[in-house]
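In: sequence and computational prediction follow.
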Number of protein chains: 2
Amino acid sequence: MAGDGTIGKACDVLDQVAAFQRPVRFAELLESSRFPKATLYRFLQSLTNQGMLSYDPDRQTYAPGLRLVRLAHAAWTQSSLAPIARPFLDTLSGETGETVHLAQLDSGQVLYVDKRNAAQPVEMYSQAGKVGPAYCTGVGKAMMAFLDEAELNKVISQQSFHRFTEKTLASEAALRSDLELIRSRGYALDDEEHETGIICVACPIRTPGGRMLGAVSVTGSTERMNFDQLEAWIPRVRRVAEQIAAEAQAWRFPETRPDGQKDRIQAT
Amino acid sequence: MAGDGTIGKACDVLDQVAAFQRPVRFAELLESSRFPKATLYRFLQSLTNQGMLSYDPDRQTYAPGLRLVRLAHAAWTQSSLAPIARPFLDTLSGETGETVHLAQLDSGQVLYVDKRNAAQPVEMYSQAGKVGPAYCTGVGKAMMAFLDEAELNKVISQQSFHRFTEKTLASEAALRSDLELIRSRGYALDDEEHETGIICVACPIRTPGGRMLGAVSVTGSTERMNFDQLEAWIPRVRRVAEQIAAEAQAWRFPETRPDGQKDRIQAT
DNA sequence: CATTTTAGTTCCATATACTGGAACTTAGTT
DNA sequence: AACTAAGTTCCAGTATATGGAACTAAAATG
């Protein structure tokens, strides 16, 4: 992180507030902040004035502000794969009857941008916008496996390798070897690596030119199914990933550049 | 706008990019920007590095970035009424069988933070995060009617008074007189003021202490119903608004302050 | 009730880092 | 090949962010 002057610092503060997952007091922020008191204070003031944070005068707490919701709507519409992928996710969810996720990479984390839950009606933001670890989820590994060396190194450096379950791949070496496998067979498995009882298959969404855009997954529970059943869906998942990629290519990345020219660093 | 130094300016740029509703080129932004070329350029660079914007190197276009989606998830969870209101909206939608909206004010605009569409399954971000005009929607007028004088003046100054239909209240005077009526009877009507064929009833969500938090509405179409039918729902809508207010009070605004002490200006 | 402690806010001289005109590079066009 | 437009970099000047310290308000304590 760091860098990018005032803007970068302001974004850090936003992230910090968001990370608390609850309204947070000035003192708490100050503690976990690299900024001195007066500086942090002024940042909070400005961000609050701008609606990027909201301030509760009763409890004297800060929380991410509604202006972010407004901006995110535009972001979701324009720079996520969700609008493009929607019909394909509907199909996949209908066919499998299982939970379907669409994810993209953001700051080395898995950002879920859409979801279909076959059983109950769709939960809104509660799922879109949610983040998860990349190194121990199907979608995360599917995406990482198809990054180029430089990007992958950066993303790996951002992983915490926390051991969520006894099956979690909690080291870089274990992860890299699994990524190798994923790269060769074209899809990723999550064998209760993040949550006990939850297994999933995921395919990367890649442009014909090789650009990695995101991933789709179908999730099941060990109570109702095993990997043999889940792996049977792989051709369909792959097909959906290809369809999304084709649409994305047409809508957003019209002229591919198979050569690796200087690209400005995207949000990674 | 203006003010708030670099942070305010950066937010302006974000809004500007979002306003285009499509990926936008540097030159287009420059045209509609109050910043000189080099300055705008540096802002775009920093925001892109931070993931607040995404940059498509092929088309050389900027769009709101995925980091906003991540941040908005936290905002929606923590500072919107949506999580609190969810069960009540479900009930209301079930009872009425009509479309139900939950909205809050942001920068003088109506920000829809949740929605129930009785017919088809919930659409995700496509609706949450969407904004609309305040002066010609039921929820907008319901909220404005219960602002204090200072806030109301500010919000009114932010209205465009564009005439969407021949029934639109396209002047401050007309609006103020309707707000008077709304204040006295406790609910707002939208009689095809925003969209022909669309009518709605809306109630404000207010704490016992009088703080205006948002609004709930039930929307119908003139094809299937008239105001007599719609107004029959008002007691239920009001009840739901009260329930949400009570919950919000308990969760987020525990000690009310009926006195009007200095409040830091919230996102308005 | 007086006192201490903690939390939050304001001040101001300093220096950092933002500014923007202009020059430059690159890509597309005639 | 010359021209035009779009995008990028440079750099001196200065506006603006910075943060130590002083201040105020509100709890906690004796």
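Out: Great, that's in hand.

In: what score does the residue nearest to A:Phe164 when sequence neighbours are not counted have for pLDDT?
Out: Leaving aside its chain neighbours, A:Phe164 sits nearest to A:His194 (5.2 Å; criterion: Cβ to Cβ, 6 or more residues apart in numbering or on different chains). Every residue, glycine included, has its C-beta placed from N, CA and C. A:His194 carries a pLDDT value of 95.

In: for A:His162, see how far away A:His194 is.
Out: Look at A:His194 and A:His162: by Cβ to Cβ, to the nearest Å, they are 10 Å apart.

In: look at the two and report which has more neighbours.
Out: A:His194 (22 against 11; other Cβ atoms under 10 Å in any protein chain shown).

In: contact partners for A:Cys203?
Out: Contact analysis of A:Cys203 by Cβ atoms under 8 Å, 6 or more residues apart in numbering or on different chains lists A:Ala142, A:Gly186, A:Tyr187, A:Ala188, A:Ala215, A:Val216, A:Ser217, A:Ile234, A:Val237, A:Arg238, A:Val240, A:Ala241.

In: tell me the SS of the residue sitting nearest the centre point of chain A?
Out: Note on chain A: the residue nearest the mean C-alpha position is A:Leu111, at 1.6 Å, using Cα atoms, centre = their mean. Secondary structure state of A:Leu111, per DSSP: H, G, I helix; E, B strand; the rest coil, is strand.

In: same check on the one 4 residues further on?
Out: Three-state call for A:Lys115 (three-state DSSP): strand.

In: what score does A:Val240 have for pLDDT?
Out: 96.

In: A helix includes it, no?
Out: Yes. Counting by three-state DSSP, one finds A:Val240 located in a helix.

In: that one and A:Arg211: what is the separation?
Out: From A:Val240 to A:Arg211 the distance is 18 Å (Cβ to Cβ).

In: cool, A:Ser93 as well?
Out: From A:Ser93 over to A:Arg211 (counting by Cβ to Cβ), the distance is 26 Å.

In: residue ranges with poor pLDDT in chain A?
Out: Scanning chain A for pLDDT under 70 picks out the ranges A:1-3, A:118-126, A:251-268.

In: confirm the residue nearest to A:Phe164 sits in a strand?
Out: No. A:His194: not assigned to a strand; according to three-state DSSP it is coil.

In: contacts only, for it.
Out: Counting by Cβ under 8 Å, 6+ apart, A:His194 touches A:Gly132, A:Pro133, A:Cys136, A:Thr137, A:Phe164, A:Thr165, A:Thr168.

In: mind listing the helices for the stretch 1-150 of chain A?
Out: A:5-19, A:26-31, A:37-49, A:66-79, A:82-96, A:138-144, A:149-157 (DSSP state H, counting those that start in this stretch).

In: domain map for chain A?
Out: A:5-68, A:80-251 (automatic domain parsing).

In: in TSV: those domains, plus distance to B:Leu81.
Out: Formatted as TSV, these follow (distance: least, Cβ to Cβ, whole Å):
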stretch	distance to B:Leu81
domain A:5-68	10
domain A:80-251	12
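
In: how about the contacts made by whatever residue of the stretch 1-150 of chain A ends up closest to DNA strand C?
Out: The nearest approach of the stretch 1-150 of chain A to DNA strand C comes at A:Gly5, 2.4 Å away (Cβ to the nearest atom of the strand). Applying Cβ under 8 Å, 6+ apart to A:Gly5 gives the contacts B:Thr6, B:Ser46.

In: redo that, cut-off 7 Å
Out: By Cβ atoms under 7 Å, 6 or more residues apart in numbering or on different chains, the contact list for A:Gly5 reads B:Ser46.

In: from B:Gly5, how far out is it?
Out: From A:Gly5 over to B:Gly5 (counting by Cβ to Cβ), the distance is 11 Å.

In: could you do A:Ala18 as well?
Out: Taking Cβ to Cβ, one finds A:Ala18 at 22 Å from B:Gly5.

In: can I get the CA coordinates of stretch A:82-102 in PDB?
Out: This file holds the C-alpha atoms of stretch A:82-102, laid out as PDB (Å, rounded to 0.1, in the frame of the first residue of the first chain):
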ATOM      1  CA  ALA A  82     -22.100  -9.300 -13.100                       C
ATOM      2  CA  PRO A  83     -24.400  -7.600 -15.600                       C
ATOM      3  CA  ILE A  84     -22.800  -9.600 -18.400                       C
ATOM      4  CA  ALA A  85     -22.900 -12.900 -16.500                       C
ATOM      5  CA  ARG A  86     -26.400 -12.700 -15.100                       C
ATOM      6  CA  PRO A  87     -28.200 -14.800 -17.700                       C
ATOM      7  CA  PHE A  88     -25.500 -17.500 -17.600                       C
ATOM      8  CA  LEU A  89     -25.600 -17.700 -13.900                       C
ATOM      9  CA  ASP A  90     -29.300 -18.100 -13.900                       C
ATOM     10  CA  THR A  91     -29.000 -21.000 -16.300                       C
ATOM     11  CA  LEU A  92     -26.200 -22.600 -14.300                       C
ATOM     12  CA  SER A  93     -28.100 -22.200 -11.100                       C
ATOM     13  CA  GLY A  94     -31.200 -23.600 -12.600                       C
ATOM     14  CA  GLU A  95     -29.400 -26.700 -14.000                       C
ATOM     15  CA  THR A  96     -27.500 -27.600 -10.900                       C
ATOM     16  CA  GLY A  97     -29.900 -26.500  -8.200                       C
ATOM     17  CA  GLU A  98     -26.800 -25.500  -6.200                       C
ATOM     18  CA  THR A  99     -25.400 -22.200  -5.100                       C
ATOM     19  CA  VAL A 100     -23.500 -20.400  -7.800                       C
ATOM     20  CA  HIS A 101     -20.900 -17.600  -7.200                       C
ATOM     21  CA  LEU A 102     -19.300 -15.100  -9.500                       C
END
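
In: residues of the stretch 1-150 of chain A that sit close to DNA strand D?
Out: Within the stretch 1-150 of chain A, the positions near DNA strand D by Cβ under 7 Å from any atom of the strand are A:Thr6, A:Lys9, A:Phe35, A:Pro36, A:Lys37, A:Ala38, A:Thr39, A:Arg42, A:Phe43.

In: restrict those to those near chain B?
Out: A:Thr6 (Cβ under 7 Å from any Cβ of the partner chain).

In: list just the nearest of the residues of the stretch 1-150 of chain A next to DNA strand D to chain B.
Out: Set against chain B, the nearest of those by Cβ to the nearest Cβ is A:Thr6 (4.0 Å).

In: before we move on, back to that, mean neighbour count, the helices of the stretch 1-150 of chain A: which tops it?
Out: Scoring the helices of the stretch 1-150 of chain A by mean neighbour count under mean count of other Cβ atoms under 10 Å in any protein chain shown gives helix A:138-144 as the most buried, with a mean of 29.
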